[in-house]
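Engineer: I would like to see how this sequence folds:
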Amino acid sequence: MNETVKFELNDKNGYFYIEVDGKVEAKMTFVFAGDDKIIIDHTEVNPGNNGKGYGKMMVVKSVDFARAKNIKIIPLCPFAKSVINKIPEFQDIL
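Structural biologist: Coordinates of the predicted model:
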């Protein structure tokens, strides 16, 4: 099984997600806050997927996205905030 994080976005918001066998198993939503920030507001992993690292994979993808777009992240979601705060290399996107 090859889980990769994908994302969808529009002018106001978007989400990162992991799809397995055609079914979305994890999703992390965000909204744009002006032109230079996104607010991660929710992370959800379907039951049965605990411990697979899906949540962290989506946070890593969001950090990559923020760096590529030269924007900052405001992690209102407690899970995303916890992951970002634990990784010193991620502090530049706050």
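Engineer: can you tell me who the closest residue to Lys12 other than its chain neighbours pairs with across the strands?
Structural biologist: Using CB to CB, 6 or more residues apart in numbering and skipping residues adjacent in sequence, the residue nearest Lys12 is Phe32, 5.9 Å away. From N, CA and C alone the C-beta is placed, and that goes for glycine too. Under the criterion DSSP bridges, Phe32 forms beta bridges with Ile38.
Engineer: quick one: Phe32 from Phe65, how far?
Structural biologist: Taking CB to CB, to the nearest Å as the measure, Phe32 falls 12 Å from Phe65.
Engineer: which of the two has more neighbours?
Structural biologist: Neighbour tally, Phe32 and Phe65, criterion other CB atoms under 10 Å: the higher count belongs to Phe65, 19 against 16.
Engineer: ok, that one - contacts?
Structural biologist: Phe7, Phe16, Ile38 (CB atoms under 8 Å, 6 or more residues apart in numbering).
Engineer: residue boundaries of the helices in this structure?
Structural biologist: 54-69, 78-86 (DSSP state H).
Engineer: give me the low-pLDDT residue ranges for the protein?
Structural biologist: Across the chain, the ranges flagged by pLDDT under 70 are 1.
Engineer: how many residues are close by His42?
Structural biologist: Neighbours of His42 (other CB under 10 Å): 14.
Engineer: does it touch Val31 like I think?
Structural biologist: No. Judged on CB atoms under 8 Å, His42 makes no contact with Val31 at a distance of 10.1 Å.
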